[in-house]
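Visitor: Fold the following, please.
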Amino acid sequence: MVDTDDVLDESWLCSTDHLYTVDESLHDDSENEAVCGLEHSPSGSIGVPKYEFVGPVNSSGVALSATEIDLSNDLIDDIVLNKGEPSTVDKFNRFNIRDITYDDVSDLLFEDYEAAGKFYNYYAHVRGFSTRKSKMYRHRTSDFVYRREWECSKAGVNPKKRRNPVEVAEKKRPVDIKETKRRNHMLRRGYRQTRCSCTAKFVVKWCLRRKKYFVWEFVTLHNHDLCRPNEVHFLRSHRKVEDHDLAQVQSLNEVQVPISRAYEFLSYQAGGYNNMRFMLKDLYNKLGRKNITDNAEGDAQTAVRSLRARSARETEFFFEHTVDTEGRLKNMFWRDHQSLLDYTAYGDVLIIDSTYKTNRYRQPLVLFVGCNNHRATTVFGFALVGDEKEETYDWVFNMFLVSMKYKKPMSVITDGDEAIKSVLERLMPEARHRLCAWHIGRNIGQNLNNVEAIKCFSKFIYASLTVPEWEAQWREAVEMHQMENNEWVTALYKKRTRWAESFFRGSFYGGMCSTQRCEGMNCQFKKRLDPSTTVSAVYGRLEWKQRRIRDRAQLDNFKVRNSTPVFDTHMRKLEVEACKTFSHDIFIMIKSQINFGDRFVVHQRFPFPNADAIVFYVGQYDKVERRWSVDYCGNKGNPQWSCSCKMYESDGIPCAHLFCVFKYELIIEFPTCLINKRWTREVGETTILPSCVQVENTLLATSARYASLLIEAGKACSRYAESPEGFNAAMIELEKLNKCSMKYNPTVNEDHAALYESDSVVGDPLKCRTKGMPSKTEQKRSVITCSNCEGLGHNTRSCKKPRLVPDVCGSGNVVGRQTPALDNSRDWEPCIPRFSPAIQ
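Guide: Numbering: from 1, shown residues only. Now for the predicted structure:
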């Protein structure tokens with residue numbers, strides 16, 4: 001049986017050499033199997049060989065091993081010399097492989113035919129040509145390869161469908177003109193023929209006695225020029241992307257370095273493009289094949305299996321998904337252990353928003369975001385949904401509550417989606433639902449035409465007024481701008497309890513009133529996500545960005561423990577105590593309230609001795625008409641302070657009115673009732689993962705180990721490269737280390753493979769239709785209109801009517817010009833503008 005390996009064409013420049021071969025009677029491919037030392041016994045097994053080979057010996061007569069012969073890199077372990085004279089060994093240690101003949105290689109033995117292929121490819125690299133696998137002969141019964149052939153990449157002729165039509169026309173058989181034109185169109189632009197019937201080849205056969213392959217035929221004659229030394233790296237058989245190169249490129253790509261820039265970095269490390277072992281297109285092809293291999297089961301199935309494997313490794317990792325009636329992925333939700341700890345500490349306020357154009361299936365990405373004790377954004381979970389219907393959000397929010405052990409937030413901020421509103425009212429009825437203030441302001445600008453009206457109504461979003469004051473001023477604004485009959489203003493007023501600041505006084509939102517934190521996260525995530533990203537890649541890239549966000553939170557904790565701010569307020573003791581209690585960002589806000597307290601004065605003080613309570617009336621120095629009441633209640637050793645502005649209840653920070661009263665009453669200790677634990681330093685310690693929690697067998701851990709080994713190896717290589725002796729010693733040690741590392745090849749985790757072997761395959765999702773997308777009727781392609789004749793279905797270039805061109809000569813007439821063809825029989829003269837004598 002004969003197998004032929006198809007190898008792509010080559011087009012390289014290469015010089016002529018001589019032909020060395022064995023006896024001509026052995027050249028026919030149809031020779032008997034006995035020629036290569038194989039004979040059949042009556043039972044059909046392989047018989048006794050005809051040839052006997054003797055290995056090389058040293059000066060003491062002891063046979064030399066393959067490792068004692070220095071030929072080239074890793075080929076020596078598979079090559080054994082025949083003739084036993086010491087001179088033969090010395091000859092191979094000093095010979096020039098560029099000039100070897102058949103007599104030089106006829107004594108070589110190979111452990112397997114792959115080693116023979118490496119040897120011939122190395123020889124081709126030195127000579128300057130590319131090789132290609134040719135025929136393979138197997139035994140009829142045992143399927144054993146007893147003969148293997150390699151040839152020059154320019155051997156043979158180009159396939160018929162790619163031949164030059166002129167050559168086809170020169171054949172004696174009748175030629176169909178239409179067929180010739182069809183084949184002519186099949187040739188791509190810039191196609192070059194690469195094969196020229198080169199006869200160079202290399203053949204090995206199996207010897208049964210020695211259990212090795214020997215050289216049967218070696219033809220060194222080429223009918224074309226060989227490549228120059230600086231062009232060898234373009235030859236296809238000498239181009240290969242190694243695993244370590246691929247790992248380095250993938251590591252650079254994970255930090256947003258493009259593939260082309262990563263290739264330039266590798267070429268810089270190699271000392272130039274001539275020293276590279278592959279081209280840029282080889283790197284792209286290798287990455288493409290790896291992506292196909294990684295997603296062999298399908299994009300969605302790969303993502304589901306990866307998330308399930310992590311869920312099996314980490315007990316606190318949560319992942320769930322749903323499929324449609326056809327078994328395609330529809331929805332998926334996941335969060336890790338760190339998100340659970342963050343939500344436990346900072347889950348009182350939840351911001352929900354969705355973003356688009358993050359994957360190739362157009363599935364919206366839903367983010368669950370909050371705020372930590374440093375007022376920095378933290379992510380609680382992710383979800384990819386197939387649509388934005390109410391039942392979909394119902395499943396997503398149910399999974400979120402299940403993953404967070406049914407802890408519900410106190411307040412929720414969304415962008416106004418009615419489906420989300422309905423689900424929140426059903427699943428989280430106790431939570432205060434607030435619409436994004438930024439979206440309300442944008443809608444006011446889009447629906448009102450008067451600039452003054454836009455400014456007036458925009459103030460109602462953030463106005464710090466009581467509810468009666470807000471209602472009175474709203475009526476005045478509506479009457480002033482004559483908006484009584486405006487339907488949009490009326491609808492906005494009906495939703496006032498969901499967006500106006502005055503209606504949320506006393507409800508804790510931590511100083512947040514919009515979904516801009518989600519928008520900021522979307523901006524960061526979209527640096528790594530685009531409409532071509534696969535679902536499996538979405539998970540990995542979001543995980544990497546999330547680690548960056550958490551690293552910034554750790555940096556904030558580090559700064560709090562290892563630095564002290566400057567104290568410069570007039571209430572130093574309260575300031576120092578606040579610095580020891582709160583995080584740095586919250587301390588800055590408290591400090592600003594202390595300074596702002598200088599604008600207020602205490603007008604009246606009304607004590608209630610029987611109730612152990614005091615009421616203070618505080619007014620602003622420059623606005624006497626505005627007053628606030630500060631209440632104090634002793635409450636049997638547990639004093640309570642409150643202000644009518646409700647800033648502490650809304651933001652968790654004492655207001656300037658309270659600090660004005662503290663100064664009036666000479667209070668030097670920070671009241672414990674005004675310390676919100678979610679802003680303190682200690683709450684940050686509860687969000688640190690236990691040291692025993694480690695991620696095993698992940699791509700991230702593999703990349704980290706690879707980077708550590710690369711750093712240590714780089715330190716040694718930098719010292720070895722200082723001298724030629726060090727370089728040679730390093731190459732020997734690295735070769736030993738490379739062979740030793742083969743036993744650490746990665747293996748498949750059999751436990752996890754068996755765990756998910758019986759899982760049903762999840763199909764890739766269909767492209768979903770999101771809000772705002774045009775309907776199918778609106779997606780019809782617009783009809784092309786000609787600007788010359790205003791006709792439909794063509795443009796100016798293909799218009800058959802004369803093109804109307806203005807006369808630049810000043811006659812004021814319009815000249816018609818026929819665009820398809822010009823009349824060459826007519827004398828065309830350039831039109832020269834005429835100027836008046838005054839202008840001249």
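
Visitor: all strands of the stretch 201-350 of the chain, in order?
Guide: Taking DSSP state E, counting those that start in this stretch as the test, the strands found in the stretch 201-350 of the chain are 201-207, 212-219, 318-323, 329-335, 349-355.

Visitor: Can I get these in TSV including mean neighbour count, mean pLDDT and distance to residue 614?
Guide: Yep, even glycine has a C-beta here, placed from its N, CA and C like the rest. As requested, the strands of the stretch 201-350 of the chain are exported to TSV (neighbours: other CB atoms under 10 Å; pLDDT from 0 to 100; distance: least, CB to CB, whole Å):
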stretch	mean neighbour count	mean pLDDT	distance to residue 614
strand 201-207	25	93	103
strand 212-219	22	92	102
strand 318-323	19	93	50
strand 329-335	24	93	47
strand 349-355	24	91	32
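
Visitor: I'd like those strands as TSV, with distance to residue 599 appended.
Guide: Compiled in TSV, the strands of the stretch 201-350 of the chain are given as follows (distance: least, CB to CB, whole Å):
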stretch	distance to residue 599
strand 201-207	93
strand 212-219	95
strand 318-323	49
strand 329-335	45
strand 349-355	29
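
Visitor: With respect to residue 423, which of these lies nearest?
Guide: strand 349-355 (10.0 Å; CB to CB).

Visitor: The closest one: partners in the sheet, and parallel or antiparallel?
Guide: strand 365-371 (antiparallel), strand 411-414 (parallel) (DSSP bridges).

Visitor: chain center to that strand, what's the gap?
Guide: Chain-centre distance of strand 349-355: 23 Å, with CA atoms, centre = their mean, to the nearest Å.

Visitor: that older thread, quick one, which of the strands paired with strand 349-355 is packed in tightest?
Guide: strand 365-371 (a mean of 23; mean count of other CB atoms under 10 Å).

Visitor: Contacts made by the helix or strand that that one is followed by with the rest, please.
Guide: Sequence order places strand 377-384 as the next helix or strand after strand 365-371, per DSSP states H and E. Applying CB atoms under 8 Å, 6 or more residues apart in numbering, the contact partners of strand 377-384 are 331-335, 339, 342-343, 346-347, 350, 359, 363-372, 396, 399-400, 403-404, 517, 520-521, 535, 538, 542, 546, 549-550, 553.

Visitor: ditto for stretch 571-587
Guide: Residues contacting stretch 571-587 (CB under 8 Å, 6+ apart): 373-376, 556, 559-560, 563-565, 567, 569, 590-591, 594, 653, 659, 662-663, 667-670, 675, 679-681, 684.

Visitor: Would you mind writing the CA trace of that stretch as CSV?
Guide: Presented in CSV, the C-alpha positions along stretch 571-587 are these (Å, rounded to 0.1, in the frame of the first residue of the first chain):
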residue,chain,number,x,y,z
MET,A,571,-10.9,69.7,64.4
ARG,A,572,-7.7,67.7,64.6
LYS,A,573,-8.7,65.1,67.1
LEU,A,574,-11.8,64.1,65.1
GLU,A,575,-9.7,64.1,62.0
VAL,A,576,-7.1,61.8,63.4
GLU,A,577,-9.7,59.4,64.7
ALA,A,578,-11.5,59.4,61.4
CYS,A,579,-8.2,58.6,59.6
LYS,A,580,-7.7,55.6,61.9
THR,A,581,-11.2,54.3,61.3
PHE,A,582,-12.1,54.9,57.6
SER,A,583,-10.3,54.2,54.4
HIS,A,584,-8.3,57.0,52.8
ASP,A,585,-10.9,57.9,50.2
ILE,A,586,-13.7,58.2,52.8
PHE,A,587,-11.4,60.2,55.1
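
Visitor: And that stretch, how far out from the chain middle?
Guide: 42 Å.

Visitor: returning to what we had before: quick one: closest of the strands of the stretch 201-350 of the chain to residue 711.
Guide: strand 329-335 (32.3 Å).

Visitor: could I have that closest one exported to CSV, CA atoms only?
Guide: Extracted in CSV, the C-alpha atoms of strand 329-335 (Å, rounded to 0.1, in the frame of the first residue of the first chain):
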residue,chain,number,x,y,z
LEU,A,329,-26.5,27.9,24.5
LYS,A,330,-29.0,30.6,25.5
ASN,A,331,-28.0,32.1,28.9
MET,A,332,-25.0,31.7,31.2
PHE,A,333,-24.1,33.2,34.6
TRP,A,334,-20.9,32.9,36.6
ARG,A,335,-19.1,34.4,39.6
